[in-house]
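J.: Generate coordinates for the sequence data below:
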Amino acid sequence: MIYLTVCIYLYYVFNVMAQGAIAFLFIVFMPICGITTSKALCTAHYSDLIFETYGCIFVGIAMDASSLSERLAMIVIRFVGGNLRTLQILLTICAAVTSILFESPFMAAFWMKVAQAVISEYGKAGILTLDSEEETYERQAKPYPSWPVIGIYLTICYSANLGAMMSPFQNPNSIIYTIFNIFMKKSPQGFMLVFVLPMILGLIVVALWINIIFLGLFGGNVKDQVKAAAGEGDAMKKAMSDKKDTMGAWSIHSILVLVLIICTMILLLARRPLFIQGWDDQIHLANCGASIAVILICVLCFAVPANYIFCRYYVCRQPDKPGTTPSLVGWKAVNTNTPWAHIFMLTAGHGFAVGLRDSKLLQLIQETLVRNGPGIGNCFIIGTSLGTFFSILAPATALARITLLSMFKTGALLRTGIGSVAIPYAASLHNQFLLPCSNAANTIISGWGNIRPFQYLIGGIVPAVATMLFIAAFVKVFGEDGFPGYLEVSDDDFKYTYKP
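T.: Alright, predicted model coming up:
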């Protein structure tokens, strides 16, 4: 399992072969090597998170098809002009705040489409070089973006990841909160407080690091380009005003897509908050994931007409011109603009989580920890390091579902003083900065932005380490007497509290 993992992710980071082919290596070799079964792998590959990712991408494509992203981009440019650093700050705040309330992949897709439209306007105005001159891995492939463009895109996914840390509405947080509640006896408000300062400090680190690496904060050609773009602010605002006059009033197409997006946000918000009973809590026969709400809206995007032609025989309004009735988004546009290979690589992360469990590698790590009996300081280091490392290779949702119960048992067995790996491990699962396959938000932005894995490593290494240290520090601060100690909790008690 270790050998397969090293080979696959080295191929992935160094672009040794096509990403779509790399994504299927786990599903081919794990059964052959006797690690796990094809049934377990295939079940993991069709998880709720994967369908949520598809849904978020389809909604983003509907934004482009309806020109909604362009209209929102005009509003953004009226605020920021041509200043990339102001744009970065605005996107940081918007992506982080909205990801607290709604699913981070959905909000990352939304803000990514707005950012792409803004960047496209900058390119048309000639104030920013959009594409790198580097030759692409595959011939006639989409060109790689320039470094300032990468910096803007990475800002969105990192901010969405940080906002998700303190959200009571996110997918893995209900499981993580259960661990905190068992050990720390904290309310949902207390659980959020553990992450408030790490989130704020993490956002500051992300903004500063991306400014240094991608926006040329300390000099160079990139700094000159960013400074020149900022000087064209008034011209950009005038151009957007002229474009608004050219585009005219909002079309029914744009309005309908925006209404469906707002409906999706409401459904996601009310699904299963920790504070009150949500609509999913009222359904006792099965658990409904976030994909239910997102896919529902996608179905409507394919079903609802984009104009009034369909009702020309039922209302007095005469259509502009007779003809067919297109839907809000067509399958041809979806098929062309969906980053299939990136999504397949996200499913490979689920395959890694299954292999981690079925190969007994996770059990080996746990037994080693129990046998060595590390103290309190080492437990914090080990827990946060394991959580951060695993979240590089697999999404937090899969890791929380597959590994967290086992890590809880390990924490209960480690009775060296008041040390435990369970809480720092659970808290650090949100350090999903270092690869596109680390979570759905990274996958979506990497696919649409054509950002390569090594660029994620460059952009995410400092935020990941900093956030890991912040989380470890504040988990200790907000614990009872520095850390909660141990409670006698049986498996039955845990199963009663734990809701998968």
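
J.: Isn't residue 60 up against residue 444?
T.: Yes. If you go by C-beta atoms under 8 Å, residue 60 and residue 444 touch, sitting 7.4 Å apart. C-beta: built from backbone N, CA, C; applies to glycine.

J.: Okay, now the unreliable bits of the stretch 301-450 of the chain?
T.: The model of the stretch 301-450 of the chain has pLDDT under 70 over residues 307-325, 376, 405-420.

J.: And the helices in it?
T.: Using DSSP state H, counting those that start in this stretch, the helices of the stretch 301-450 of the chain run over 331-337, 340-358, 361-372, 376-393, 396-413, 422-427, 440-449.

J.: With mean neighbour count and distance to residue 45 added, can I get those in JSON lines?
T.: Conversion of those to JSON lines gives the following (neighbours: other C-beta atoms under 10 Å; distance: least, C-beta to C-beta, whole Å):
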{"stretch": "helix 331-337", "mean neighbour count": "12", "distance to residue 45": "20"}
{"stretch": "helix 340-358", "mean neighbour count": "23", "distance to residue 45": "4"}
{"stretch": "helix 361-372", "mean neighbour count": "15", "distance to residue 45": "19"}
{"stretch": "helix 376-393", "mean neighbour count": "21", "distance to residue 45": "15"}
{"stretch": "helix 396-413", "mean neighbour count": "23", "distance to residue 45": "10"}
{"stretch": "helix 422-427", "mean neighbour count": "27", "distance to residue 45": "24"}
{"stretch": "helix 440-449", "mean neighbour count": "28", "distance to residue 45": "14"}
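
J.: For the ones you listed, could you give me CSV that also reports distance to residue 173?
T.: Below are these laid out as CSV (distance: least, C-beta to C-beta, whole Å):
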stretch, distance to residue 173
helix 331-337, 30
helix 340-358, 17
helix 361-372, 21
helix 376-393, 14
helix 396-413, 8
helix 422-427, 10
helix 440-449, 15
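
J.: Among these, which comes closest to residue 294?
T.: Evaluated over the helices of the stretch 301-450 of the chain, closeness to residue 294 peaks at helix 440-449, with 10.5 Å, by C-beta to C-beta.

J.: residues touching residue 82, list them.
T.: Residues near residue 82 by C-beta atoms under 8 Å, 6 or more residues apart in numbering: 122, 125, 127, 128, 229, 230, 231, 232, 233, 235, 236.

J.: nearest to residue 301, of the helices of the stretch 301-450 of the chain?
T.: Of the helices of the stretch 301-450 of the chain, nearest to residue 301 by C-beta to C-beta is helix 331-337, at 9.2 Å.

J.: Packing partners of the closest one?
T.: Judged by 3 or more C-beta pairs under 8 Å, 6 or more residues apart in numbering; DSSP states H and E, the packing partners of helix 331-337 are helix 48-65.

J.: How far does whichever helix or strand comes after the helix it packs on sit from its chain's centre?
T.: The first helix or strand that comes after helix 48-65 along the chain, using DSSP states H and E, is helix 68-80. In terms of C-alpha atoms, centre = their mean, to the nearest Å, the centre of helix 68-80 is set 23 Å apart from its chain centre.

J.: now what about helix 68-80, what contacts it?
T.: 60, 62-63, 86-87, 90, 113-114, 116-118, 120-121, 233, 236-237, 240-241, 243-244, 247, 250, 254, 257-258.

J.: what sits in contact with each of residue 60 and residue 444?
T.: Between them, residue 60 and residue 444 share the contacting residues 109, 112, judged by C-beta under 8 Å, 6+ apart.

J.: if we can go back for a sec, looking at the helices of the stretch 301-450 of the chain, which is closest to residue 281?
T.: Of all the helices of the stretch 301-450 of the chain, it is helix 396-413 that lies closest to residue 281, at 18.4 Å by C-beta to C-beta.

J.: List the contacts of the residue nearest the centre of the chain.
T.: Closest to where the C-alpha atoms of the chain average out (C-alpha atoms, centre = their mean) is residue 441, at 2.3 Å. By C-beta under 8 Å, 6+ apart, the residues touching residue 441 are 104, 105, 107, 108, 109, 156, 157, 160, 161, 432.

J.: at 6 Å instead, please
T.: Neighbouring residues of residue 441 by C-beta atoms under 6 Å, 6 or more residues apart in numbering: 104, 105, 108, 157, 160.

J.: possible to save those as TSV with distance to residue 26, neighbour count and pLDDT?
T.: Output for these, formatted as TSV (distance: C-beta to C-beta, whole Å; neighbours: other C-beta atoms under 10 Å; pLDDT from 0 to 100):
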residue	distance to residue 26	neighbour count	pLDDT
104	25	31	87
105	22	31	89
108	25	32	91
157	23	34	88
160	26	35	89
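
J.: Closest one of those to residue 141?
T.: Using C-beta to C-beta, the contacts of residue 441 come closest to residue 141 at residue 157, 21.4 Å.

J.: Please report how far that closest one lies from residue 109.
T.: 10 Å (C-beta to C-beta, to the nearest Å).

J.: Residue 296 now?
T.: For residue 296 relative to residue 109 (C-beta to C-beta), the value is 16 Å.

J.: So which of the two has more stuff around it?
T.: residue 109 (27 against 15; other C-beta atoms under 10 Å).

J.: How about the backbone phi and psi for residue 153?
T.: Phi and psi for residue 153, reported as degrees, to the nearest 10, are phi -70, psi -40.

J.: Please report how far the residue lying closest to it once chain neighbours are set aside lies from residue 302.
T.: Spatial nearest neighbour of residue 153, excluding adjacent residues (C-beta to C-beta, 6 or more residues apart in numbering): residue 449 at 4.2 Å. As judged by C-beta to C-beta, residue 449 and residue 302 stand 25 Å apart.

J.: for stretch 263-273, what is the average pLDDT?
T.: Taken as a whole, stretch 263-273 has a mean pLDDT of 84.

J.: shaky segments in the stretch 51-200 of the chain?
T.: 178-193.

J.: Mind checking what helix or strand follows the one helix or strand residue 223 maps to in sequence?
T.: According to DSSP H and E, residue 223 maps onto helix 221-230. Counting by DSSP H and E, the element after helix 221-230 in chain order, helix or strand, is helix 233-247.

J.: What is that next one packed up against?
T.: Contact here means 3 or more C-beta pairs under 6 Å, 6 or more residues apart in numbering; DSSP states H and E; on that basis helix 233-247 packs against helix 68-80.

J.: let's see it at 8 Å
T.: Counting by 3+ C-beta pairs under 8 Å, 6+ apart, helix 233-247 packs on helix 68-80, helix 104-125.
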